Structures are given as C-alpha cells and as structure tokens.
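> Sharing a model prediction with you, sequence too.
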Amino acid sequence: MKFHPPSTIPDVSSPQYWSARYRSGDTPWDLGGETPALAALLDRIDFPRPTEFYQPRVLVPGCGYGHDALMLAQRGYRVTAVDFAPEPIEYLRQTARLAEVKLEALCCDIFDLPTLRGSVFDIVLEYTCYCAIDPKRRSEYATTLAQLIVPNGIVAGLFFPLDDLPRSEPPFTVREEEVRHQFEAAGFVLVDSWIPLESHPARAGRERLMLFRKLL
Ligand SMILES: C[S@@+](CC[C@H](N)C(=O)[O-])C[C@H]1O[C@@H](n2cnc3c(N)ncnc32)[C@H](O)[C@@H]1O
C-alpha cells in the first residue's frame, strides 16, 4: 500500500478555508479601503458611467469586505457583491447600511451564480478572486463570468500577483498571457491591458489591468 502524505495545499474551493481566515483576522489581502487603481479606472473617460437613465449592473466576485463594491455603489452603479464566506458579507451589509448605500451583498459560491442569475451584468470588476480560486478552475471561472455578462459587457480585471515564482497557496501567481488565453477561450476579446500607475505601494509593478469585452 502506498503512503500518501497529507496535502499541504489548502482547499481554497471551500468557504470554510476562507471563513477561518476571516475569523482569525488573517486577511493580508485587505487594503482597508477602495483599490486605488480601480478608483482611477472608473475615472477614465471611456469607462461606462451611470447616468440618470442608465445605471450599469456591476458584479464584484470574491468581494471580501467589499470596499470596491461600496465605492461603485456610491458612484451610482447597481452592485452585486458576492463572497462565499459569510463574515465579510455580513461586514459589507452593515457598512452599506451605515453609509446608507444600496447594494446587494450575496453569500454564495461564484460558480453557482449563473444558475441563480443568468447573464444580467454589464460589468464584472475582478480583483483578487482570480488568484484566490484553485488555478485548475481558472478556465471554469472565465466561463462562469461569460455566462453572467450581457453581450458586449466587460470584465475589468486587476490581475495580481504577476510574480515569477509559483505559490502553493493564495494568492496564486498570475501571468498576462495565461489570463488572456483563459478569457479569450471563454468568448471575450482583450481590448486593453496596462500596468497601472496608481497601484497600492505594496503591489506596484505586480499587477496589471486588463479589459475584456464579451463577444456578441
Ligand atoms: C484574496 S480574497 C480577496 C477579497 C477582495 N477581493 C479584496 O481584494 O479584498 C479572495 C476572496 O474570494 C472569496 N472566494 C474565493 N473563492 C470563492 C468562490 N468560489 N465563490 C465566492 N467567493 C470566493 C474568498 O472568500 C475571499 O473573500
């Protein structure tokens, strides 16, 4: 009989893994406020803006404490923020209530969302969910986002960490070419890609903004 040593790779597909980290305060990914590069992206002239007549629907997958979701809602977007760990979702609901901001904070597995919602979102704002899921599920993740977005809708993704060494726990390393391949295979076209100047100092040069548009 073969001996299999216990795996040291955490089960990142289970909400229990993430809940335990929230409960113990082990959340080094949390910037404590909105992500500077994403705030700058929303200010870009060509980024879809809410108007009196049209409020784009934005999905924030793996939202954590939801600072970016709150920022979007405060700017007038219709926001659905999703995380399968209940602790950050409860936090976000309370923060939104206190700030008197309307948003939907859903406790659910992002891979289950297409059956619950279908393709209703104009924009997906992706930040550190891609690097948090099991890398073997990245193609499934891109396909899931494609199912959730309306034709011509966009994924605005800030992809982190662009490091050289692979990691055995989140954040799992990302590469521009690999991200592009996953989203193109899922039916998106890359419309822009750049290293933002506004990154948080600890992440400067280690993240890339990529805009994908879903083909009709
Ligand atoms: C690295 S944290 C980033 C949180 C947030 N985006 C931020 O920047 O602060 C990854 C988050 O994704 C959530 N997550 C991971 N896999 C998920 C899944 N399959 N469905 C929903 N949420 C997921 C985790 O619970 C965790 O809150």
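Yep, that arrived.
> Any idea which residue is closest to the centre of this protein?
In the chain, the centroid-proximal residue (Cα atoms, centre = their mean) is E126; its distance is 2.9 Å.
> for the ligand, what are the nearby residues on the protein?
Counting by Cβ under 6 Å from any ligand atom, the positions of the chain adjacent to the ligand are 18, 29-30, 62-64, 82-85, 88, 109-111, 127-129, 132-133, 170. Quick note: C-beta positions are derived from backbone N, CA and C, even for glycine.
> Mind checking the pLDDT average for the one helix or strand A40 maps to?
Here A40 sits within helix 36-43, counting by DSSP states H and E. Averaging pLDDT along helix 36-43 yields 96.
> again, but for stretch 192-202
Across stretch 192-202, the average pLDDT comes to 95.
> Ok, stretch 83-96 next?
pLDDT averaged over stretch 83-96 gives 98.
> still on that earlier bit, mind listing what's buried in the helix holding A40?
36-39, 41-42 (16 or more other Cβ atoms under 10 Å).
> Equivalent analysis for stretch 91-101, please.
Residues of stretch 91-101 classed as buried by neighbour count (16+ other Cβ under 10 Å): 91-93, 95-96.
> Flag the shaky bits of this protein, pLDDT-wise.
1-8 (pLDDT under 70).
> What segments of it are strands?
57-61, 78-83, 104-107, 121-127, 149-159, 188-194, 208-214 (DSSP state E).
> elements contacting the shortest one?
Contacts defined by 3 or more Cβ pairs under 8 Å, 6 or more residues apart in numbering; DSSP states H and E place strand 104-107 against strand 78-83, helix 86-99.
> Output those in CSV; the columns should cover distance to F188.
Listed next are these as CSV, based on distance: least, Cβ to Cβ, whole Å:
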stretch, distance to F188
strand 78-83, 19
helix 86-99, 27
